[in-house]
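In: here are the coordinates; sequence isn't available:
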């Protein structure tokens, strides 16, 4: 089974090349104006807090 991206649409093995990513950023900035372009997030860089609630027994 293919693994989905955690941060966007599609599958983890479907990524843009650096050139495609740059072209996409230029098109977006053309329409939305100047902005800070952030790098693609990595799952292991995200820290989640402890859950505040527990799932119902039917979902465990």
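Out: Right, received. Where do you want to start? The shown structure was predicted, so the numbers you read here are calculated from the model rather than taken from an experiment.
In: where along the chain do the helices fall?
Out: Assigned by DSSP state H, the helices in the chain fall at 18-32.
In: residues touching the residue most central in space within the chain, list them.
Out: For the chain, residue 7 is the residue whose C-alpha lies nearest the centre (CA atoms, centre = their mean; 2.1 Å). Shown in contact with residue 7 (CB atoms under 8 Å, 6 or more residues apart in numbering): 40-41, 43. Placement of C-beta: from N, CA and C, glycine included.
In: so what's it scoring on pLDDT?
Out: With respect to pLDDT, residue 7 scores 73.
In: Find the nearest non-adjacent residue to residue 3, please.
Out: Among residues not flanking residue 3 along the chain, residue 12 sits closest, at 4.6 Å (CB to CB, 6 or more residues apart in numbering).
In: How many residues are close by that neighbour?
Out: Counted with other CB atoms under 10 Å, the neighbours of residue 12 add up to 12.
In: from now on call the first residue 21
Out: Noted, 21 is the first residue going forward, which turns the last one into residue 32.
In: how much space between it and residue 40?
Out: 16 Å (CB to CB, to the nearest Å).
In: ditto for residue 59
Out: Distance, residue 59 to residue 40, by CB to CB: 15 Å.
In: coming back round to it: so the residue nearest to residue 23 sits against residue 21, correct?
Out: No: if you go by CB atoms under 8 Å, residue 32 and residue 21 don't touch, sitting 11.4 Å apart.
In: chain center to stretch 51-70, what's the gap?
Out: Distance, stretch centre to chain centre, for stretch 51-70: 7 Å (CA atoms, centre = their mean, to the nearest Å).
In: residues in contact with the residue nearest to residue 23?
Out: Residue 32 neighbours (CB under 8 Å, 6+ apart): 22-25.
In: ok, and the most crowded of the residues you listed?
Out: Among those, the one with the most neighbours (other CB under 10 Å) is residue 25, at 14 neighbours.
In: Mind pulling up the pLDDT for residue 30?
Out: Reported pLDDT for residue 30: 86.
In: cool, and the one 10 residues further on?
Out: On pLDDT, residue 40 comes in at 91.
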